[in-house]
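> I need the structure of the sequence given here:
(one chain, ligands or ions: 1)
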Amino acid sequence: MIYTGYNQGTTLKNSDTETDLKFAEKYGFDFFEFQMGPLYEYLAGHEIKELKEFFSTSRIKPYALNVLEFFNLKTGDALREKTDEFCSMCEIARELDIGIIILVPSPNEGGFTRKQILKDSVETISKLTDISQEYGIKLAYEFLGFKESSVNNLSQCNEIIKEVNRPDVGIVLDCFHFYAGDSRLEDLEDIDPEKIFVFHINDSKKGDTWTLEDSDRLWPGDGAIPLERILGILKKKGFKGVATIELFNPEYWKWDPEDTIRVARQKTVDIIDKYYK
Ligand code: ZN
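Residues are numbered from 1 along each chain as shown. Alright, predicted model coming up:
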């Protein structure tokens, strides 16, 4: 069994949290991933208990907070600010009964080596996990398939979380980032499926490694990512999680959000039916 999830990135610029939740529930998504931008906007005008009320009377359930951005390679005040931001996210997650916070790595502006990045990520994640474990929240590390990103492929991300070696720290596998950063299918074969805490499903325009951007994301099945192979490996390995659709395509942001969410659900179901069942 693989569940379907909706990530607010897909309607980031043409919708809001209330609208996303309404239509994600209406069109049958099982889980919901918040983007912090629209969530903070919502909370500026509403009480958090309104969201709790929504989930208590809906079938859809909250899954993850996306994202603590650029959390690593920080020191001093910058690190303290990130840690404060993380603590606020833990508070929100606990209120809403959300089990996962996603972490995204910083650009490698200092020209750090892979070994230095590993050491820094392990230390920072260990400190963050000391906080989040008090809340019963897991952390999921999302590598970004961009040249400048300090963690930009699956094998590097897996190396870090293996070194952290805690049951509450895992990986986000995002098909776009897997493809854009030229991660290898052999590396996916080596992943413990229990360590894939979040699975972002999407497709991409065809492009050489390091040339693609978030805006090149397409509906699953409409692009160049070998989803048949990726889903085939996950199925073989017994992955049983949530396939969350996450796009940032400005073309789809021009649509009516109800249409975007309806199509998002259909495209997610279609690709799972095709390659996973
Ligand atoms: Zn993602």
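> give me the number of residues near F178?
23 (other Cβ atoms under 10 Å). To be clear about C-beta, it is placed using only N, CA and C from the backbone, and glycine gets the same treatment.
> now it: which helix or strand?
Using DSSP states H and E, F178 falls within helix 175-180.
> interface residues of the stretch 101-250 of the chain facing the ion?
By the rule Cβ under 5 Å from the ion, the part of the stretch 101-250 of the chain lying against the ion is D174, H200, E246.
> what sits against the first one?
Just to be clear, that refers to D174. The contact partners of D174, taken as Cβ atoms under 8 Å, 6 or more residues apart in numbering, are E142, F143, G145, F199, H200, N202, E246.
> beta-bridge partners for it, please?
Judged by DSSP bridges, the bridge partners of D174 are H200.
> separation between it and Y141?
11 Å (Cβ to Cβ, to the nearest Å).
> quick check: chain neighbours aside, which residue is closest to F239?
Distance criterion Cβ to Cβ, 6 or more residues apart in numbering; nearest residue to F239, sequence neighbours excluded, is P193 at 4.1 Å.
> hang on, L65 packs against G37?
No: contact between L65 and G37 fails when scored by Cβ atoms under 8 Å: they sit 11.6 Å apart.
> those two - which one has more neighbours?
More crowded of L65 and G37, by other Cβ under 10 Å: L65, with 22 against 14.
> check contacts around the more buried one.
L65 neighbours (Cβ under 8 Å, 6+ apart): E33, F34, M36, L39, M89, I92, A93, I98, I100, I101, I102.
> the fifth one contacts I101, doesn't it?
Yes: here M89 reaches I101: they are 5.5 Å apart, a contact under Cβ under 8 Å.
> what does the helix or strand containing I233 contact?
Per DSSP H and E, I233 falls inside helix 227-237. Contact partners of helix 227-237, identified using Cβ under 8 Å, 6+ apart, comprise 175, 178, 185, 188-189, 191, 193, 196, 199, 201, 203, 220-221, 271-272, 274-276.
> put the alpha carbons of that helix into PDB.
What follows is helix 227-237, C-alpha atoms only, in PDB (Å, rounded to 0.1, in the frame of the first residue of the first chain):
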ATOM      1  CA  LEU A 227       9.700   6.800 -12.500                       C
ATOM      2  CA  GLU A 228       9.100   3.200 -13.600                       C
ATOM      3  CA  ARG A 229      12.600   2.300 -12.300                       C
ATOM      4  CA  ILE A 230      12.400   4.400  -9.100                       C
ATOM      5  CA  LEU A 231       8.900   3.100  -8.200                       C
ATOM      6  CA  GLY A 232      10.000  -0.400  -9.200                       C
ATOM      7  CA  ILE A 233      12.900  -0.300  -6.800                       C
ATOM      8  CA  LEU A 234      10.800   1.100  -4.000                       C
ATOM      9  CA  LYS A 235       8.200  -1.600  -4.500                       C
ATOM     10  CA  LYS A 236      10.800  -4.400  -4.600                       C
ATOM     11  CA  LYS A 237      12.300  -3.100  -1.400                       C
END
